[in-house]
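>>> give me a model of this one.
(one chain, ligands or ions: 1)
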Amino acid sequence: MPAQSFDMIVIGAGPGGYVCAIRGAQLGLKVAIVEREHMGGICLNWGCIPTKAMLRSAEVFHLMHRAKEFGLSADKVGYDLDAVVKRSRGVAKQLSSGVGHLMKKNKITVIMGEATLPAKGKVGVKTEKGTEELTAKTIVLATGARARELPGLEADGDLVWTYKHALLPPRMPKKLLVIGSGAIGIEFASFYNTLGAETTVVEVMDRILPVEDAEISALAKKQFVKQGMTILEKATVKKLDRAPTGKGGGKITAHIEAGGKTETREFDTVISAVGIVGNVENLGLEGLGVKLDRTHVVTDEYCRTGVEGLYAVGDIAGAPWLAHKASHEGVMVAELVAGGHPHPIKPNSIAGCTYCHPQVASVGLTEEKAKAAGYQVKVGRFPFIGNGKAIALGEPEGMVKTVFDAKTGELLGAHMVGAEVTELIQGYVVGRALETTEEDLMHAVFPHPTLSEMMHEAVLDAYGRALHF
Ligand SMILES: Cc1cc2nc3c(=O)[nH]c(=O)nc-3n(C[C@H](O)[C@H](O)[C@H](O)COP(=O)(O)OP(=O)(O)OC[C@H]3O[C@@H](n4cnc5c(N)ncnc54)[C@H](O)[C@@H]3O)c2cc1C
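Predicted coordinates:
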């Protein structure tokens, strides 16, 4: 059979890949997408979406426990973990099949199978029926990433879980250890702790959520500890002794080193959330001369790999490992290939969100990083307790913090912890994209009563003009 020929072949149907395919098709390219497992990638099937569905169940459970505070009654509040998981899987399935519909609507050829790159401009696909050969001038790698496994801490799906096991738990943990306090670790810690697991988080860095502004990390930690979590910072899990029952479950003894001393603690479940590694293996990248940095493909600001016609977008192209970064890169590459002149992505303008309770969200430089970069800064802060809507919602804990360049008024960074901040952060993202200054932000009128008023107040505070605190 002669090789099918396309203008663009995308490998991987996660947010980086499927969005790239859609934009390419919109711009008139003949596009094929190859996917080995599931439309929507990790994001829709095992990442962003199913975790948010589970966290929503935890949030409602938490609120039901607080019913009395709101003048309501909710007796015998409980949960059915299987039903929580079933809802999460249902939400993931709905969105994954939605991607299939989008492919059809945009007349994109979908090939289910494992792709390799046998030569420049060629893609081999191993499908159920055999191997197909495809050709295209442009090939976009969007093969994503998977959980990092550390020696001795490898997941077994019984006692030690990755995020996939934690989304399909074989049981409810009673004593849970979460290794790693990035977004993934903290979201699972928050979920299981809210449902009643005695939860310990171990973080090797000097604070949890280490990429966030130090004040935000500290406030989040205070809330987690109040909710009953144990947080061990500057600590490393050296070893896990596993004692399975053979029938599922058992005991794990964790050897945890902190301050030069090693202590042991017992758990029944461990979630390993120590980062991710790019899916770069078995593609044929070495043969093409693609440069790798550890487990990521090295690209320039336009996602070009250095091999003519070969691009890499999303998690395989390195940090930040976020779905919106992946899809934005996908759009940029499609536009470039179709002859457009898209702007490269500014990494500092990509917001990071963690959907724990309380939520955490940020964009741009932390205060520490802004100072280290040589900026003279003006910093504003506004606490949730000073905001009418936060009090009405029963969510008075949290803070909005802004960091401005004292010389130019540029908003260098914004950082938040508290209710709904993952929805609020986009206001500052748009502000930064439009290159607004402190003046513009101060003149903007924010609706009352909203949590967004705190975003206004945190700008005013940076210039000594906060009104409600
Ligand atoms: C638990 C968890 C929670 C997360 N929460 C968030 C969040 O709230 N917000 C956020 O922005 N990000 C979140 N992320 C990160 C987000 O999921 C990723 O950044 C995003 O999925 C990356 O998209 P991608 O297109 O690069 O790759 P992926 O989504 O990983 O998709 C890659 C696809 O390529 C396919 N593939 C791989 N190799 C081949 C091959 N050889 N042939 C054919 N197909 C192949 C895979 O099957 C997969 O479907 C989360 C991640 C996890 C694990």
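
>>> buried set for stretch 156-168?
Of all the residues in stretch 156-168, those buried under the rule 16 or more other CB atoms under 10 Å are D158, L159, V160, W161, T162, Y163, K164, H165, A166, L167. C-betas here are computed from N, CA, C, even on glycine.

>>> and the first one, helix, strand or coil?
Same thing as D158. Using DSSP: H, G, I helix; E, B strand; the rest coil, the three-state assignment for D158 comes out as coil.

>>> just checking, it touches G246?
No. Between D158 and G246 there is no contact under CB atoms under 8 Å: 9.5 Å.

>>> for A466, grab the count of nearby residues.
A total of 18 residues lie near A466 under the criterion other CB atoms under 10 Å.

>>> double-check it against F382; I have them as touching.
Yes. The pair A466 and F382 qualifies as a contact (CB under 8 Å) at a distance of 6.4 Å.

>>> can you check which residues contact both of the two?
For the pair A466 and F382, residues contacting each of them under the criterion CB atoms under 8 Å, 6 or more residues apart in numbering are E457, A458.

>>> in the stretch 301-450 of the chain, which residue sits nearest the ligand?
When distances are taken as CB to the nearest ligand atom, the stretch 301-450 of the chain approaches the ligand most closely through G314, which lies 2.1 Å from it.

>>> who's in contact with that residue?
The neighbourhood of G314, defined by CB under 8 Å, 6+ apart, consists of G12, G14, P15, G16, G17, A142, G144, K325, A326, S327, E329, G330.

>>> how about H324?
For H324, the contacting residues are P15, I350, A351, taking CB under 8 Å, 6+ apart as the criterion.

>>> and if we set it to 10 Å?
With contact set as CB atoms under 10 Å, 6 or more residues apart in numbering, H324 has these partners: P15, V19, C43, C48, I350, A351, G352, C353, V429.

>>> same question for stretch 373-393, mean pLDDT?
Per-residue pLDDT over stretch 373-393 has a mean of 98.

>>> repeat for stretch 273-292
Predicted confidence along stretch 273-292 averages 96 (mean pLDDT).

>>> off-centre distance for it?
In terms of CA atoms, centre = their mean, to the nearest Å, the centre of stretch 273-292 is found 20 Å from the chain centre.

>>> what's the answer for stretch 261-273, then?
For stretch 261-273, the distance from its own C-alpha centre to the chain's C-alpha centre is 24 Å (CA atoms, centre = their mean).

>>> buried stuff in it?
By neighbour count, and taking 16+ other CB under 10 Å as the criterion, the buried residues in stretch 261-273 are R265, F267, D268, T269, V270, I271, S272, A273.

>>> mind putting these in JSON lines, secondary structure and distance to the ligand included?
Converted to JSON lines, the buried residues of stretch 261-273 look like this (DSSP: H, G, I helix; E, B strand; the rest coil; distance: CB to the nearest ligand atom, whole Å):
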{"residue": "R265", "secondary structure": "strand", "distance to the ligand": "24"}
{"residue": "F267", "secondary structure": "strand", "distance to the ligand": "20"}
{"residue": "D268", "secondary structure": "coil", "distance to the ligand": "21"}
{"residue": "T269", "secondary structure": "strand", "distance to the ligand": "16"}
{"residue": "V270", "secondary structure": "strand", "distance to the ligand": "16"}
{"residue": "I271", "secondary structure": "strand", "distance to the ligand": "10"}
{"residue": "S272", "secondary structure": "strand", "distance to the ligand": "12"}
{"residue": "A273", "secondary structure": "coil", "distance to the ligand": "8"}
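
>>> quick one: G180 and L232 touch, right?
No. Using CB atoms under 10 Å, G180 and L232 do not qualify as a contacting pair, with a distance of 11.7 Å.

>>> tell me, what's touching those two both at once?
V201, V202, E203, V204, I208.

>>> quickly find the element holding I9.
Secondary structure assigned from DSSP states H and E places I9 in strand 4-11.

>>> are that strand and the ligand in contact anywhere?
Yes. With CB under 6 Å from any ligand atom as the measure, strand 4-11 is seen reaching the ligand through I11.

>>> that strand packs against which elements?
With contacts defined as 3 or more CB pairs under 10 Å, 6 or more residues apart in numbering; DSSP states H and E, the secondary structure elements packing on strand 4-11 are helix 15-26, strand 31-35, strand 109-112, strand 114-116, strand 122-127, strand 130-141, strand 310-312, helix 323-337.

>>> mind listing the strands the third one pairs with, and their directions?
Read that as strand 109-112. Strand 109-112 has the following sheet partners, assigned by DSSP bridges: strand 31-35 (parallel).

>>> any idea how far the partner strand is from the chain center?
Shown here is strand 31-35, whose average C-alpha point lies 24 Å from the average C-alpha point of the whole chain (CA atoms, centre = their mean).

>>> returning to what we had before: what's the distance between the residue of the stretch 301-450 of the chain closest to the ligand and F469?
When distance is defined by CB to CB, to the nearest Å, G314 is 41 Å away from F469.

>>> same question for Y463.
In this structure, Y463 and F469 are 14 Å apart, going by CB to CB.

>>> returning to what we had before: near the ligand, list only the ones from the contacts of G314.
G12, G14, P15, G16, G17, A142, G144, A326.

>>> just the buried ones from the residues you listed, in ChimeraX syntax?
The buried subset of these, as determined by 16+ other CB under 10 Å, is captured in ChimeraX by this line:
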select :12,14,15,16,17,142,144,326
